[in-house]
Every structure is written in structure tokens, then in C-alpha cells.
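Enquirer: Give me coordinates for this.
(one chain, ligands or ions: 1)
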Amino acid sequence: LGKPAWGPTGYRTVAEYTLYYWQMPFRGQFVRAILAHAGKSWDEPDDEAVAKAMGKPAAKQPIPFMGPPLLIDHATGFALSEMPAIVGYLGETLWLTPDDPQVRALTTKITCDANDVIDEMTRQGGMKMWTKEAWAEFRPRLKRWMSFWEVTGERHGLEADRGFILGGDAATTADIVTATVWFTLAERFPRIGTMLKRAAPKTEALARRMMATPALAALWDQTNARFGEAYCGGKIETSLRKVAG
Ligand SMILES: N[C@@H](CCC(=O)N[C@@H](CS)C(=O)NCC(=O)O)C(=O)O
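Expert: Here you go, the predicted model:
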């Protein structure tokens, strides 16, 4: 290593993790948020290195993977791909997910829902572009996704100014995932922000509360400084901006 690393206190020379992800928020942001919340340091190879790792034969990859994120934990050399698997691993090893089978299953469920939401926002990674008609058809579905978080939170006692998505008295992995999916979308696409405030006000407030904590607020500043307005990049972002920006 020995390269500059993104860490909670700025640059460090030796990182605890390496995250391979494109230079944009999107799916990598969930991994960054967990690491930042836990006060961990990580470095991020550039897009060229990500593409190179992705293009290698499976036998030469640290773990066989199709697309990033890919995480390497330098304490053990363990490598892992698939965003919900990485979030699960970090949440458990960094003690951010309560040690209870039901809470762990619900955390995985919420993370997979978030992964589904961002796939749908990009029409499965830009397989098709957004049109006005497609967006109008999708809006009720997006509101329904939002309501899943609201109902889950309400069932666990979430209120606008207190509580957490799965209850308890401290933020867990599920809250970091919740904040990441909804705060990022709401910030990047104002019309989605307005929809969220109406469809899932307690979730929106939880996301803002989480993102106001020092570690996540610092990550957000870093994110804006590094990526500007970018969300998922490519033509799909341009088409999403036209319907939801
Ligand atoms: N199911 C995977 C999806 C990974 C994925 O689609 N990665 C995107 C970036 S968000 C990519 O660049 N994929 C390239 C490819 O699949 O060829 C996950 O949740 O991590």
C-alpha cells in the first residue's frame, strides 16, 4: 500500500481496507459509509485499476467478481464482493450489527432492498434510459419502496426526532444503509427528496439525523469534493436528472 487513503481524519499512508469502486457514490457509498461511521481508513484505487481488476480471469482475482464494489480487509487479506455481503461482513466485524439472528436477517433484507432500489433507479445499470413516461409509471413504485422503510421504522418505534429503523438505542448497520440510500438520492435529485419527505417523513428525518453525525457529515463533504454532483455516472445519470433532478 503506502498510497494516500481516505480516512476519517483525512489522508493516511497505510489503510486498513482497500475499496475497489468507481469514482462516484452509487453502490460504493454504502461501503464507504460503514467504514467512515466505524472510524476506519481505506484507500481507493482509481477507475483504471478497478477496470483492470474487473477484467482479470477469475483465477487471478482476489475473489471472483463481475462488478465492483470489491473490498479487501488488510488485517487478514480477506476479499469480498457483492455490496450486501460486504455491508454484512463489515457490520458484523465492526460490531455495528447487533448479534441477533433476526436483526441480522432484517439488516440483510434492508440492504438488499436498498440494492434493488438503486438498480431500479438506474433501470438495471442503464439497460434502458429514463423517459417521461417510464418515470411516471415508476413513481408509484418508488413511493412504495419508500413506504417499506417508513413501515419498518414505525414497527420499531421510529419517530421523526428519535429512534432507529430496527429499534434499539443506537444506530446500527441498517440505519447507515437507510441513510445512504435515501440521503444520497434526495440530495442528488431534489424531486426525489420532496417525494421522500411526503411518502416517508420519519425515514427522511432519520437519514438526515444519521448524515449529521460527524463521521457521515465528513464523508458527505469528501464525497462532494471528490465526485461533485455525480450519482451513478453515465448516460443513465443524465436521463435520471432530466426526470427527477
Ligand atoms: N450485485 C452486485 C452488482 C455489482 C455491479 O453491478 N457493479 C456495477 C457498478 S455499481 C458494475 O460496474 N458492474 C460492471 C459489470 O457488471 O460488468 C452488487 O450488489 O455488488
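Enquirer: give me the beta-bridge partners of residue 72?
Expert: Residue 72 has these beta-bridge partners by DSSP bridges: residue 18, residue 79.
Enquirer: quick one: low-confidence ranges for this protein?
Expert: 1-13 (pLDDT under 70).
Enquirer: Contacts only, for whichever residue of it sits closest to the ligand.
Expert: Closest to the ligand within the chain is residue 67: 2.3 Å, counting by CB to the nearest ligand atom. Bear in mind the C-beta positions are built from the backbone N, C-alpha and C, glycine included. Applying CB atoms under 8 Å, 6 or more residues apart in numbering to residue 67 gives the contacts 54, 81.
Enquirer: pretty sure it is in a helix, no?
Expert: No: assignment of residue 67 by DSSP: H, G, I helix; E, B strand; the rest coil gives coil, placing it outside any helix.
Enquirer: quick one, phi/psi of it?
Expert: With angles defined as degrees, to the nearest 10, residue 67 sits at phi -140, psi 150.
Enquirer: Can you tell me the closest non-neighbouring residue to residue 86?
Expert: Distance criterion CB to CB, 6 or more residues apart in numbering; nearest residue to residue 86, sequence neighbours excluded, is residue 71 at 4.8 Å.
Enquirer: Please apply the same query to residue 63.
Expert: With sequence-adjacent residues excluded and distances taken as CB to CB, 6+ apart, residue 63 is closest to residue 79, at 4.2 Å.
Enquirer: count of neighbours near the one you found?
Expert: The number of residues packed near residue 79 is 17, by other CB atoms under 10 Å.
Enquirer: There's contact between it and residue 64 in this structure, I believe.
Expert: No: the pair residue 79 and residue 64 does not pass the contact test of CB atoms under 8 Å, sitting 9.8 Å apart.
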